[in-house]
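1. This is a predicted model, with the sequence first.
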Amino acid sequence: MSHRNLSRRRFLQSTMGTPLLAAVPYWFPCHRSVAAESQAANDRPNIGLIGVGGRGMADSKQAARFGNVVAICDVDLKHGESAKAAFGGTADVYQDYRQLLDRNDVEVIVNGTPDHWHTKINVEACLAGKDVYAEKPLTLTIDEGKILRDVVEKTGRVVQTGTQQRSEKSFQTAVELVRNGRIGRLQQVWVALPWYSTKGGPFAASTPPETLNWDLYQGQAPERDYCPERTHKVFRWWYIYAGGIITDWGNHHVDIAQWGMDRDLSGPATIDARGIFPNEGRPDCFDTPDRFFCRMTYSGGPDLLYFSAIGEKRVYGTEPGDDTPQEKLDWLFGDDCPDEIKTYDRDGIMFIGDRGRVFVNRGGVYGKAAEELAENPLPGDAWRVRPSDDHMSNFFHCVKTREEPVAPVRIEHRTVSACHLTNLSIRLGRPLTWDAEKEEFVGDAEANGWLSREQREPYTIRT
């Protein structure tokens with residue numbers, strides 16, 4: 001056993017058994033939120049829900065603590081009617097989001113649509129004078145993020161990205177420990193995602209349900225025949241609708257990594273990524289990778305190693321994944337990847353300094369620096385995160401005060417950009433050099449052509 005693996009085992013044994021600071025699950029309201037929920041009825045904004053499937057419905061229930069649901073939209077009317085019943089049966093139901101945005105009485109939008117619809121709806125909601133709680137991943141492309149950032153700045157609307165880990169104590173604690181030097185000089189950051197199998201297909205075309213407007217669901221994406229596997233949870237495994245696990249969970253964990261690195265308003269300088277596509281070359285199959293490894297370098301900062309954790313293989317509406325052949329793993333990780341990463345067994349963010357480590361995920365924050373925090377708290381003049389103990393509560397507070405929320409577009413665009421850059425390096429099959437200030441590739445016309453995608457009419461994004 002190498003010294004590195006031995007150190008890892010001792011670290012896990014000493015810190016991983018019980019979380020030192022358990023994260024508050026994001027679906028439980030904190031004490032501050034309870035007070036906000038009890039505000040007077042005439043002080044509660046009217047909410048319009050757009051996209052009320054699985055994640056969208058969860059967000060909607062959170063939002064209903066702070067406002068009145070008066071309008072619901074989903075391209076699948078079955079979802080819309082189900083949500084209407086869940087919120088008291090009085091809200092109006094639409095299939096076309098534009099009818100909802102036209103309502104002057106709707107002040108707040110909760111956008112829980114699939115990824116390829118996020119930006120267009122967010123942009124049009126801002127232009128219609130609405131504030132928005134926007135599910136992640138924030139965008140489908142890097143250029144979409146630039147557009148949305150400009151619109152938010154121009155309109156002054158409040159837009160909170162659904163990266164709720166920014167409002168969880170364990171992640172805040174880890175970031176504060178790192179930013180205040182409790183593990184010394186930051187040398188490297190690991191971001192490990194859960195591994196969901198994307199093995200699946202080919203899927204046969206079928207007739208869309210009568211309740212589903214299939215053309216509207218597809219939106220800007222290239223037109224395809226309907227099959228159930230292009231919708232609901234597993235839309236994530238098609239590049240025309242999403243970015244796979246790299247943007248889905250990645251938008252959460254990369255956000256915390258760049259926050260701790262003090263790089264959440266910039267981005268990497270170089271990106272070198274490889275991915276394994278279980279259905280490569282097979283038509284009508286999921287087409288995003290499930291295993292990947294990416295090394296990103298940051299100007300004046302540590303490297304970020306970004307990968308899927310082998311111990312977190314899960315099946316999410318797909319076929320079970322097979323073990324990856326050793327020769328594929330050797331190619332995937334390259335020559336200088338730490339051995340520990342090749343068999344990493346849990347998702348989360350590991351900050352590695354020259355005086356220790358801090359690991360954090362939704363179970364808690366771990367490591368000697370966290371262990372010692374109770375006896376050796378950060379001083380009064382330490383750098384601190386912006387206070388928030390409930391992500392939806394923070395959003396509605398900012399709707400009222402017009403403050404910037406804790407997960408604003410200008411930051412979360414940079415977060416998801418790093419995820420998009422990983423996908424682009426994988427899809428182009430080579431390393432990339434990125435100018436984070438200009439937000440373009442250096443001397444690479446082909447790569448710059450991937451910053452946006454062709455959009456199907458009439459669903460193009462217009463400002």
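-> Okay, I see it.
2. what's the longest helix in the chain?
-> Secondary structure of the chain read by DSSP state H shows that its longest helix is helix 409-428.
3. is it true that residue 80 touches residue 69?
-> No: with contact defined as C-beta atoms under 8 Å, residue 80 does not count as touching residue 69 (11.8 Å). No exception for glycine: its C-beta is placed from N, CA and C like everyone else's.
4. Neighbour count for those two, which is higher?
-> Using other C-beta atoms under 10 Å as the criterion, residue 80 and residue 69 rank with residue 69 on top: 24 against 21.
5. pLDDT at that one, what is it?
-> pLDDT, residue 69: 98.
6. Surely it touches residue 44?
-> No: the criterion here is C-beta under 8 Å, and residue 69 misses it with residue 44 at 10.3 Å.
7. separation between the closest residue to residue 286 other than its chain neighbours and residue 325?
-> With sequence-adjacent residues excluded and distances taken as C-beta to C-beta, 6 or more residues apart in numbering, residue 286 is closest to residue 237, at 3.7 Å. Computed as C-beta to C-beta, to the nearest Å, the residue 237 to residue 325 distance reads 21 Å.
8. can you check residue 68 too?
-> To residue 325, residue 68 is 55 Å away according to C-beta to C-beta.
9. and what of residue 389?
-> Where residue 325 is concerned, residue 389 sits at a distance of 46 Å (C-beta to C-beta).
10. just residue 84 next, same as before
-> The spacing between residue 84 and residue 325, counted by C-beta to C-beta, is 50 Å.
11. who has more neighbours, those two?
-> Neighbour totals were compared for residue 84 and residue 325, and residue 84 leads with 21 against 10 (other C-beta under 10 Å).
12. can you tell me which residues contact the more buried one?
-> Neighbouring residues of residue 84 by C-beta atoms under 8 Å, 6 or more residues apart in numbering: 72, 90, 91, 93.
13. what's the answer for residue 195, then?
-> Contact analysis of residue 195 by C-beta under 8 Å, 6+ apart lists 245, 290, 291, 308, 309, 310, 312, 313, 314, 321.
14. Next up, phi/psi of it, please.
-> The phi/psi pair for residue 195 (degrees, to the nearest 10) reads phi -100, psi 110.
15. Distance check, it against residue 55.
-> Computed as C-beta to C-beta, the residue 195 to residue 55 distance reads 20 Å.
16. can you check residue 457 too?
-> From residue 457 to residue 55 the distance is 28 Å (C-beta to C-beta).
17. Would you mind telling me which of those two has more residues around it?
-> Ranked by neighbour count (other C-beta under 10 Å), residue 457 and residue 55 place residue 55 first, with 16 against 6.
18. Return the per-residue confidence for residue 8.
-> pLDDT, residue 8: 39.
19. Chain neighbours aside, what residue packs nearest to residue 155?
-> Computed as C-beta to C-beta, 6+ apart, the closest residue to residue 155 that is not its neighbour in sequence is residue 126, at 4.6 Å.
20. So that neighbour, which state does it fall into?
-> Put simply, residue 126 is helix when judged by DSSP: H, G, I helix; E, B strand; the rest coil.
21. OK, contacts around the residue positioned nearest the centre of the chain?
-> What sits nearest the mean C-alpha location of the chain, by C-alpha atoms, centre = their mean, is residue 251, with 2.7 Å. For residue 251, the contacting residues are 136, 137, 138, 161, 163, 412, 415, 416, 419, by C-beta under 8 Å, 6+ apart.
22. which SSE is it in?
-> helix 250-260 (DSSP states H and E).
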